[in-house]
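*Asks:* Quick one: sequence and predicted model below, then my questions.
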Amino acid sequence: MTIQRDSWGSKLGFIMAASGSAVGLGNLWKFPYITWENNGGAFVLVYLVAVMILGLPIMMGEIFVGRAAHLSGAPAYKKLGGLGWSKLGYLGAAAGGIILSYYMVIAGWSLYSFWQCLGWSLGGYDMPSSDAFGNFLSNGPLQIGLTLMFTLMNVGIVLRGVGRGIESATKIMMPILVLLMLYLVITAMFMPGRNDAFAMIFSVDFANMPAMGYLEAVGQAFFSLSLGLGAMVAYGSYMKKTDSITNSAIWVVSLDTLFALLACVAMFTIILSVPELKAQVSAGEVGTVGMLFITLPQLFYTQMQGGVVLAPLFFILVAFAALSSTLSLGEVVASMMIDRRGWSRKKAVLITSGVVFCGSIFAALSLGASQTLSQVTFRDVPVLGIIFSSKSGILGLLDHLAANWLLPIGGLGTTLFVGWFLKNDFILKELGVKNSNVVFNLWIWCLRIVAPAAIIALIIAVATGKDFS
């Protein structure tokens, strides 16, 4: 039976959906955090260069594979390269499913924080106890319930397909995301730390940048764009042949980078405006999760004008950023089963989402609700000890596996496949270009030399103890 393949309704639809996939919680919490750790300006500059010579070329490569094959994941690589290359697609789907299983848990926290802030805004702020967040994490039924709520939101949209579901949803969410972020930045501009924030972010001084910061910047440029898991292959498979891969990828990368920089401006301004918070962050007393879900809500109500409005709006921003990313992850897994097995969209989405949710239950219970799941580790197991390092708990182990191994290996595979395996004549024909030009040659050169070298450096760093999760 032939399944009628969906498609994007417009070029804008693809850009909004792909940008939504890239813009996620990592932009809101991880990029500002590691930028702070690496002393700002020089790190930002290296990150921007890495985005151009690493992130953009690989994204173009993944989109190309999907559009050329008009298939997603493993079927796309099999059609273009044969059975052996299909394993690269299966690796991406596995990475997508693993990330989705624990990402849904964290995304569910945004729903709880929004409801909590809404209550504070309407009824007055009540300072939580110091162990409130720990108690929240160890509440197994609550964690599973929030995860289920977010899963159902995701399923409801992906079930409607690419055009009526993902495209329609992201066309609404992405403009709202941008407006909310601009509102947060504008509000922060009235705080005293704004000048110091701009100076720290955009003043370049390589002498103050840690040596490992260069690799951190390369890693963030790779991970922030949803590369290595087949999301752009899946989304590219719904593109029209007349749509420009280069222009579309540039738009996606630009929007993702802009969002990360805006988040950095807002977070830095807030941190530098509150001396107590600056001291805590500088001393490493406030981590990425603590900053987002513990410290910021308190600051909204005790330090910022208009915080009663800003706090619930901020967690709508967090929820939308998470949802736009989970949509692409859900589509990666479901679309492969549609293309590989010929399943209907309903069957593919419901079955794959059910399997992922089972994994989410284990991740949700590994935050303190289950001592066994929270403490499981492979640190003393040969080989596995190297792969999983000293991580413990199901959620931590899954995050480490996906971020440090599966995504880099998947990205490396894409560079080898498009840069070295596919023939230039075939690529030029698919792109509708008769002869190679400067842009094409730069793209292929980055895929063949620059990107593989950078990813191999990341993998070597992970093997020697570096953690990018």
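*Replies:* Arrived safely.
*Asks:* use CA for all of it now, contacts and neighbours both
*Replies:* Will do.
*Asks:* ok, the residue nearest to Tyr103 when sequence neighbours are not counted to Thr414 distance?
*Replies:* Of all residues not flanking Tyr103 in the chain, Thr326 sits nearest, at 7.5 Å (C-alpha to C-alpha, 6 or more residues apart in numbering). Thr326 sits 22 Å away from Thr414 when distances are taken as C-alpha to C-alpha, to the nearest Å.
*Asks:* try Tyr77
*Replies:* Relative to Thr414, and taking C-alpha to C-alpha, Tyr77 is found at 10 Å.
*Asks:* In the helix or strand where Met16 lies, which of the residues would be classed as buried?
*Replies:* According to DSSP states H and E, Met16 maps onto helix 11-22. If you call a residue buried by 16 or more other C-alpha atoms under 10 Å, then helix 11-22 has these buried ones: Gly13, Phe14, Ile15, Met16, Ala17, Ala18, Ser19, Gly20, Ser21, Ala22.
*Asks:* For these, give me JSON lines that also has pLDDT and distance to Glu331.
*Replies:* Below are these laid out as JSON lines (pLDDT from 0 to 100; distance: C-alpha to C-alpha, whole Å):
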{"residue": "Gly13", "pLDDT": "91", "distance to Glu331": "15"}
{"residue": "Phe14", "pLDDT": "93", "distance to Glu331": "13"}
{"residue": "Ile15", "pLDDT": "93", "distance to Glu331": "16"}
{"residue": "Met16", "pLDDT": "93", "distance to Glu331": "15"}
{"residue": "Ala17", "pLDDT": "94", "distance to Glu331": "11"}
{"residue": "Ala18", "pLDDT": "93", "distance to Glu331": "12"}
{"residue": "Ser19", "pLDDT": "92", "distance to Glu331": "15"}
{"residue": "Gly20", "pLDDT": "91", "distance to Glu331": "13"}
{"residue": "Ser21", "pLDDT": "91", "distance to Glu331": "10"}
{"residue": "Ala22", "pLDDT": "89", "distance to Glu331": "14"}
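*Asks:* Now do the contacts for Ser392.
*Replies:* Ser374, Gln375, Val376, Thr377, Phe378 (C-alpha atoms under 8 Å, 6 or more residues apart in numbering).
*Asks:* Okay, helices next: where are they in the stretch 101-250 of the chain?
*Replies:* 132-137, 140-158, 161, 168-188, 194-202, 213-223, 231-236, 245-273 (DSSP state H, counting those that start in this stretch).
*Asks:* Out of those, which one sits most buried?
*Replies:* Sort the helices of the stretch 101-250 of the chain by mean neighbour count, taking mean count of other C-alpha atoms under 10 Å, and helix 231-236 sits at the top with a mean of 31.
*Asks:* tell me the mean pLDDT for it?
*Replies:* The average pLDDT within helix 231-236 is 94.
*Asks:* Can you list the helices and strands that that helix packs against?
*Replies:* In terms of contacts (3 or more C-alpha pairs under 8 Å, 6 or more residues apart in numbering; DSSP states H and E), helix 231-236 is packed against helix 11-22, helix 56-69, helix 307-341.
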